[in-house]
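Visitor: heads up, no residue letters with this:
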């Protein structure tokens, strides 16, 4: 018996789902992920943080009376009666290798096109955006990359968790999430301004300014540590 | 937008053809009708699709029409000839074909229906209606500069979207005339530059460039003026395979110079500055 099953009480309303074509009865209110576990599946891959952050549990499903396939994260979506399910353990999309020292946008006409020329095939169908569980404007960041606006590409894609659903659905075979990561790396290296505050803090750490506080925390009782965390005071400097 | 125009850039204007955007923006600003870039826009697709079932390729241009509609505008202005051609053809097709429009609106479920209320114009058409203003704005006429105009294909073909007579256009010359340049007749001005053969068949483009530039030079031209970023690239870059070295200007760069503005002109392969210095247009 797994832990999810223990949580289910006897009067729980049950619904019917289909996992890879096979029928199961599971309690209403579970997520797709816990419903699959309730049905007896054990996740070896395709499951990570269970909190909607890591992007490992991309899932494809269909609901009854609906011809369209839907996309989501299994840990963030509740099962519905009559749902047809399957898990995607991994998206084997190509990621181009690059040397961060060789992707200065000033040195290229359009560095994004140099590494991912397939973005020029975008027909603006917006299927990527519709498939994104993070509600990111995926098509818009691909279009930004196409016109060399790397900063906008990085900004629009900031919440990407790299689940890969956009790339699975794209009729033009664009690898959106890897493209977006390149844009963010370039933005970090060449476009964003350097933070003086960070340099200052690194210097302070090197000089041992926080050694004592750190030692104190390492030795702290767990309960006291939790309390310290909960009552911490974050102030803006200056 | 009464005192400005909604502007659709297209991707090339943001990369290779930034000189064109820069000079056109400066010219329109100086003429009191600035170009204002659309809030959202999408790559037009660059080449009008010729497949029979190609509704997929109409999505991008029509999505851009929807963006203009969303901004409450009825006019979109392009600088790029290819973008003009693709947007205009897609827009006309929706007007003429109810079924296609319905299919499109069924697909674009995330946006309100496209109501056909947007018209696409090329910057040459807009400036053509502003000759009086241009005449007043020209402060430093480009006297003595011998320029051959060049249209290429996209502004004139197919005739359903042509901005002027397909065989004998004059819209660009009529504007250039106001800058004081000496216009050189160019019989090759409506012929193709070789277009996207530049990607994998440079030999075809080189042959075209030799023909086009060769004729212009023979007739006494010192420079070429045009409005298409792809033509500009081909005629400029591929002259390296010929014995010629005629600067290839966006017509807005010449307008800007004549109006006493300072166009960037930093992406030309054949540097136009030495010619402009020789002609005492630039110091």
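Guide: Looks like it came in fine. This structure is a prediction, so every number in the text was calculated from the model and none was measured.

Visitor: report pLDDT for residue A:7.
Guide: Residue A:7 carries a pLDDT value of 56.

Visitor: for the closest residue to chain A within chain B, give me its contacts.
Guide: Per Cβ to the nearest Cβ, residue B:60 is where chain B lies closest to chain A, at 3.7 Å. The C-beta positions use only the backbone N, C-alpha and C, and glycine is treated the same way. The contact partners of residue B:60, by Cβ atoms under 8 Å, 6 or more residues apart in numbering or on different chains, come to A:122-124, B:42-45.

Visitor: enumerate every residue touching residue A:14.
Guide: A:25-28.

Visitor: residue 216 sits in which helix or strand?
Guide: All of this is about chain A. helix A:211-218 (DSSP states H and E).

Visitor: wait, chain B
Guide: Per DSSP H and E, residue B:216 falls inside helix B:202-218.

Visitor: then residue B:148?
Guide: Using DSSP H and E, residue B:148 falls in strand B:146-149.

Visitor: other residues contacting that strand?
Guide: Contacts of strand B:146-149 from elsewhere in the structure, counted by Cβ under 8 Å, 6+ apart, are B:172-173, B:176, B:181-186, B:189, B:216, B:219-226, B:249, B:251, B:254.

Visitor: out of those residues, name the ones that lie in helices.
Guide: In this view, the contacts of strand B:146-149 that belong to helices under DSSP state H are B:172-173, B:176, B:216, B:251, B:254.

Visitor: could the residues you listed go into CSV alongside distance to chain A, pLDDT and neighbour count?
Guide: Shown next, in CSV, are the ones in helices among the contacts of strand B:146-149 (distance: Cβ to the nearest Cβ, whole Å; pLDDT from 0 to 100; neighbours: other Cβ atoms under 10 Å in any protein chain shown):
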residue, distance to chain A, pLDDT, neighbour count
B:172, 26, 98, 23
B:173, 31, 98, 20
B:176, 29, 98, 23
B:216, 27, 97, 28
B:251, 23, 98, 27
B:254, 24, 98, 26
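
Visitor: between those, which is closest to residue B:78?
Guide: Distance to residue B:78, by Cβ to Cβ, is smallest for residue B:251 among the ones in helices among the contacts of strand B:146-149, at 14.3 Å.

Visitor: on the strand side of things, show who the residue lying closest to that closest one once chain neighbours are set aside bridges to.
Guide: Nearest residue to residue B:251 in three dimensions, chain neighbours excluded: residue B:225, at 4.5 Å (Cβ to Cβ, 6 or more residues apart in numbering or on different chains). Beta bridges link residue B:225 to residue B:149, residue B:249 when assigned by DSSP bridges.

Visitor: how many neighbours does residue B:266 have?
Guide: Using other Cβ atoms under 10 Å in any protein chain shown, residue B:266 is surrounded by 10 other residues.

Visitor: got the residues of chain A near chain B?
Guide: A:109-110, A:120, A:122-126, A:129-130, A:139-140, A:143, A:146-149, A:171 (Cβ under 8 Å from any Cβ of the partner chain).

Visitor: mind listing what's buried in stretch B:275-283?
Guide: By 16 or more other Cβ atoms under 10 Å in any protein chain shown, the buried positions in stretch B:275-283 come out as B:275-276, B:279, B:281.

Visitor: backbone torsions only: list them for the most centrally placed residue in chain A.
Guide: Among the residues of chain A, the one closest to the centroid is residue A:161, at 1.6 Å (Cα atoms, centre = their mean). Dihedral pair for residue A:161: phi -110, psi 10, per degrees, to the nearest 10.

Visitor: so what's it up against?
Guide: So residue A:161 contacts A:52-55, A:133-134 (Cβ under 8 Å, 6+ apart).

Visitor: how close does it get to chain B?
Guide: Residue A:161 sits 22 Å away from chain B, going by Cβ to the nearest Cβ, to the nearest Å.

Visitor: number of nearby residues for the closest residue to chain B within chain A?
Guide: Nearest to chain B, among the residues of chain A, is residue A:124, at 3.7 Å (Cβ to the nearest Cβ). Residue A:124 has 25 neighbours, counted by other Cβ under 10 Å.

Visitor: how about the one 10 residues further on?
Guide: Taking other Cβ under 10 Å as the neighbour definition, residue A:134 ends up with a count of 18.

Visitor: grab the nearest non-local neighbour of it.
Guide: Once flanking residues are discounted, residue A:134 sits nearest to residue A:159: 4.9 Å by Cβ to Cβ, 6+ apart.

Visitor: quick one: pLDDT of that neighbour?
Guide: Predicted confidence (pLDDT) at residue A:159: the value is 96.

Visitor: where does the chain dip in pLDDT?
Guide: In the absence of a named chain, this looks at chain A. Scanning chain A for pLDDT under 70 picks out A:1-10, A:237-238.

Visitor: actually it's chain B I care about, not the one you picked
Guide: In chain B, residues with pLDDT under 70: B:1.

Visitor: 80 - rerun?
Guide: B:1-2, B:47-52 (pLDDT under 80).

Visitor: which residues in it form strands?
Guide: Along chain B, counting by DSSP state E, strands occupy B:5-8, B:35-37, B:75-78, B:119-122, B:146-149, B:182-184, B:223-226, B:248-250.

Visitor: as CSV, those strands with mean neighbour count would be great.
Guide: Listed next are the strands of chain B as CSV, based on neighbours: other Cβ atoms under 10 Å in any protein chain shown:
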stretch, mean neighbour count
strand B:5-8, 23
strand B:35-37, 18
strand B:75-78, 22
strand B:119-122, 22
strand B:146-149, 24
strand B:182-184, 17
strand B:223-226, 26
strand B:248-250, 28
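
Visitor: pipe those strands into a markdown table and attach distance to residue B:139 per row.
Guide: Putting the strands of chain B into a markdown table (distance: least, Cβ to Cβ, whole Å) gives the following:
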| stretch | distance to residue B:139 |
| --- | --- |
| strand B:5-8 | 23 |
| strand B:35-37 | 21 |
| strand B:75-78 | 24 |
| strand B:119-122 | 26 |
| strand B:146-149 | 18 |
| strand B:182-184 | 19 |
| strand B:223-226 | 19 |
| strand B:248-250 | 18 |
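
Visitor: relative to residue A:230, which of the ones you listed is closest?
Guide: Ranking the strands of chain B by proximity to residue A:230 (Cβ to Cβ) places strand B:35-37 first, at 47.8 Å.

Visitor: that closest one - contacts with which helices or strands?
Guide: Other helices and strands packing on strand B:35-37, by 3 or more Cβ pairs under 8 Å, 6 or more residues apart in numbering or on different chains; DSSP states H and E, are strand B:5-8, helix B:18-30.

Visitor: again, only this time at 10 Å
Guide: Where contact means 3 or more Cβ pairs under 10 Å, 6 or more residues apart in numbering or on different chains; DSSP states H and E, strand B:35-37 is packed against strand B:5-8, helix B:18-30, strand B:75-78.

Visitor: for it, which outside residues touch it?
Guide: Residues from elsewhere that reach strand B:35-37 (Cβ atoms under 10 Å, 6 or more residues apart in numbering or on different chains): B:1, B:3-9, B:13-14, B:21, B:24-29, B:71, B:73, B:77-79, B:123, B:126.

Visitor: just the buried ones among those residues, please.
Guide: By neighbour count, with 16+ other Cβ under 10 Å, the contacts of strand B:35-37 hold B:5-9, B:13-14, B:21, B:24-28, B:73, B:77-79, B:123, B:126 as buried.
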